[in-house]
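1. Please find the sequence and the predicted model below.
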Amino acid sequence: MLRSSSKREPLQVVVRLRPLASSETGGTPGKAWFIEHRDGQQWVCHQGNGRGSDAKGSFAFDLCFDDEASNKELFDDAARKLVQSAVAGSNASILAYGQTSSGKTHSILGTPYEPGILPLAVEEIFGFQEDGLRAVGKQAKLSYYEIFNEKVTDLLAQGHGSTSLPVKEDAGHGFFVQGLREAPVYSSEDVLRLVARGEERRRYARTRWNDYSSRSHVIFTLSFEARGPRMEAPTGRSKLNIVDLAGCENHKHEASEDGRHINRSLFFLGEVISRLCKDGSRSMSPIRRSLWHSRKQENVFTPRHGSLEVRPSRSSSPVRGVGLREVRTPPSARREKNDFIPYRDSKLTRVLRSSLGGDALTLLLVTVHPAACFAEQSLTSLRFATKARSVDNYIPAASDPKTTEAERRAMSDAQRIIEGLQEKLRRLESRPRGGSLPDARVRRIQDDPNHAADALQKELQDLRMELKEKERELANKARLLSERDRQLGQLREQLDLATRVSERRHGPDAGGGLPVLADHWVSATVPEGLPYAGEEFDAASHTWPLTSLASRAEDIPCLRKSSFVMRQQALPERSPVSETQEELVEKLVKMAALQINTSKAQKMAESKMLGEDAKEVEQLVPVPSNLDVSSTPRRADLRAPRRGCPPGPPSKSRGLEEG
Ligand SMILES: Nc1ncnc2c1ncn2[C@@H]1O[C@H](COP(=O)(O)OP(=O)(O)OP(=O)(O)O)[C@@H](O)[C@H]1O
């Protein structure tokens, strides 16, 4: 029911073989894998090609890139459209998975001579318009963090507070990293500078197979907020995640503590993927699926060229010639048995929740090391990739204007609550009879098993009803929210209209929507020490000129000149301010205070990171929640804003003309 307005989008899986250096063959000659285009599909094939004991089979994928493919080709053919979708308003994720040294970081970050997916994506986002994202009414924020040994570290921040950040869950955001820095970015230079800074903190180490091996999962997130010309509150949000997963390692060779953590978190990732495979429909042909079911008892199945292949078992089989090449439960059976997806088992799967079975368009890039000595690990990666092809994500119909942000949020809330209840139900169903129940209940079951069974049955039924009730409640909530959105839209239209009427009355030269206000001082009760206070705020009189707001209009989207023009010279000496206008001013001042304070704080945090001015950062205080606005005209006191001045009372000598 909740997914009716979403579009099903399977995970897109692409495979890349990296070039093989002669020093890397590990004693085993040659390349083990090659790419073949056949039957309108692309295959990664093992050199053994199905013959002899070396045979590993072939795997079909959406796209395969051989060792001659460049990062640019990879980006153009596989990643560019996801990046564009993220800017347009859908969530999108690009995940790089593969064994250590298979080329994940090379594909994601690249080199100065061959930029990878990340820099190419940034170029695509900020470089396609002269005015970057502003031209399309978007603002972007960047976060960059790593998960190392189950600990989240903010790569953009410094100090103790930035390591071991908790991953929390809430109704509005789903899983999120608490306390993570989100830096506003306006150009590709901004992003790449911060990424370069983050890379200095990222954990790399020399391993047996890679001189510069990533020891952590690294997550780059660009969040986009859409804002209309007059609407200060964001009207839409989307995210682009680019994830460079740490490489899986073979325990025989690498038994380090880090390696074990990496393998464990990748195991949980594999578990989530396995549970999400509904029926393996993309990895299994109809013939194979029916054979699977008919031969369930015998368990004979090898994924090879989409056909069934019978192979002698490695282990002893009771039936000669019908061996157990792979013994697996069909995914559909697993799914029926247990609909619960274990996202909570690791931090990695929590933060990737929306990319796996969630609401993001997802590209899984699986990198393969072609050396024969890595054939087993490559095979594991290719099996993982095959499984991932049958995972479906559900993309909200972003292009449908009827699907509001509020509805989308309500839907994901509902989804989470349902998952929680399903988990509760599952636990209850799988609870061992007697053993783990409290003593009193055990006694009751022993005394009267029939009655106890009825009671448990009833408990189950109640839970199911609770689940249904919650679904209904959330659907109502979604309806209410969309109604509220509609009303908000109407109010905005009314405000628009009022502004236009005002413009007509006072003429365009009188300064747009609120001409009579420009000549007034707004007295605002703001706590002392507010970071912007020193620039435009008279701490002694607690007075803040609206003219300074107008001069900041360039920086503050809510005060863009197009929507809030003030030209003091053209205005009458004194004009009355109506109550409604007063209210409007109060709102604008509040919003401006929040905006200025936020951007200031972010800039200061950045300065602190650079170690430039730690004192100023300490002076940060919370944005005031109440601003008392009075409309007393005080033209004689008007002063022009003083950009870049240190905190303190403004100079009395400056005149209006300087504005
Ligand atoms: N497509 C490619 N073209 C040229 N060189 C490559 C390519 N892919 C990988 N390499 C080289 O192989 C080495 C290992 O690659 P990389 O560090 O990207 O592997 P990785 O999968 O990220 O490893 P780890 O998981 O250990 O971090 C690097 O020296 C890299 O430059």
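-> Sure thing, it's come through.

2. Who are the contact partners of A360?
-> S90, N91, A92, S93, K239, N241, S354, N393, I395 (CB atoms under 8 Å, 6 or more residues apart in numbering). C-beta here means a position set from N, CA and C on the backbone, and glycine is covered the same way.

3. likewise Q99?
-> G247, C248, E249, N250, T367, V368, H369, F374, Q377, S378, T380, S381.

4. now the residues you listed in JSON lines, with neighbour count, secondary structure and distance to the ligand?
-> Shown next, in JSON lines, are the contacts of Q99 (neighbours: other CB atoms under 10 Å; DSSP: H, G, I helix; E, B strand; the rest coil; distance: CB to the nearest ligand atom, whole Å):
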{"residue": "G247", "neighbour count": "30", "secondary structure": "coil", "distance to the ligand": "2"}
{"residue": "C248", "neighbour count": "24", "secondary structure": "strand", "distance to the ligand": "8"}
{"residue": "E249", "neighbour count": "24", "secondary structure": "coil", "distance to the ligand": "8"}
{"residue": "N250", "neighbour count": "18", "secondary structure": "coil", "distance to the ligand": "12"}
{"residue": "T367", "neighbour count": "26", "secondary structure": "strand", "distance to the ligand": "6"}
{"residue": "V368", "neighbour count": "29", "secondary structure": "strand", "distance to the ligand": "10"}
{"residue": "H369", "neighbour count": "28", "secondary structure": "coil", "distance to the ligand": "8"}
{"residue": "F374", "neighbour count": "26", "secondary structure": "helix", "distance to the ligand": "11"}
{"residue": "Q377", "neighbour count": "22", "secondary structure": "helix", "distance to the ligand": "11"}
{"residue": "S378", "neighbour count": "26", "secondary structure": "helix", "distance to the ligand": "12"}
{"residue": "T380", "neighbour count": "17", "secondary structure": "helix", "distance to the ligand": "14"}
{"residue": "S381", "neighbour count": "24", "secondary structure": "helix", "distance to the ligand": "10"}
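
5. Report the lowest-confidence entry in these.
-> Lowest pLDDT among these: N250, with 67.

6. Could you list the low-pLDDT ranges of the stretch 101-250 of the chain?
-> Along the stretch 101-250 of the chain, segments meeting pLDDT under 70 span 128-132, 135, 159-161, 205-212, 228-234, 250.

7. Could you point out which residue ranges in the stretch 251-400 of the chain have low pLDDT?
-> 251-255, 278-339, 397-400.

8. for the ligand, what are the nearby residues on it?
-> Within reach of the ligand by CB under 6 Å from any ligand atom, the stretch 251-400 of the chain has these residues: T367.

9. can you give me the helices for the stretch 251-400 of the chain?
-> Along the stretch 251-400 of the chain, the segments classed as helices by DSSP state H, counting those that start in this stretch run 257-276, 286-294, 331-337, 347-351, 375-388.

10. export those to CSV and tack on distance to E493?
-> Shown next, in CSV, are the helices of the stretch 251-400 of the chain (distance: least, CB to CB, whole Å):
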stretch, distance to E493
helix 257-276, 43
helix 286-294, 54
helix 331-337, 47
helix 347-351, 39
helix 375-388, 46
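
11. So which of those helices is nearest G127?
-> helix 347-351 (28.0 Å; CB to CB).

12. other SSEs contacting the closest one?
-> Using 3 or more CB pairs under 8 Å, 6 or more residues apart in numbering; DSSP states H and E as the contact test, the elements touching helix 347-351 are strand 138-148, strand 167-170, strand 174-177, helix 257-276.

13. and the second one, which residues are buried?
-> Of the residues in strand 167-170, V167 count as buried by neighbour count, 16 or more other CB atoms under 10 Å.

14. Pairing partners for that strand, with directions?
-> Sheet pairing of strand 167-170 (DSSP bridges) gives strand 174-177 (antiparallel).

15. So which residues on this protein come close to the ligand?
-> So the chain meets the ligand at 18-19, 98, 100-106, 210, 212-214, 246-247, 367 (CB under 6 Å from any ligand atom).

16. Once you drop chain neighbours, what's closest to L361?
-> A92 (4.5 Å; CB to CB, 6 or more residues apart in numbering).

17. Could you pull up the mean pLDDT of the helix or strand harbouring that neighbour?
-> Taking DSSP states H and E as the criterion, the element that holds A92 is strand 91-98. On average, the pLDDT along strand 91-98 is 94.

18. What is the next helix-or-strand element following it packed up against?
-> Once strand 91-98 ends, the next helix or strand along the chain (criterion: DSSP H and E) is helix 104-108. Other helices and strands packing on helix 104-108, by 3+ CB pairs under 8 Å, 6+ apart, are helix 71-74, strand 91-98, helix 117-127, strand 236-244, strand 360-368.

19. ok and the last one relative to strand 236-244, angle-wise?
-> Pointing back at strand 360-368 there. Going by axes from the mean of the first three to the mean of the last three CA atoms, to 10 degrees, strand 360-368 is angled at 10 degrees with respect to strand 236-244.
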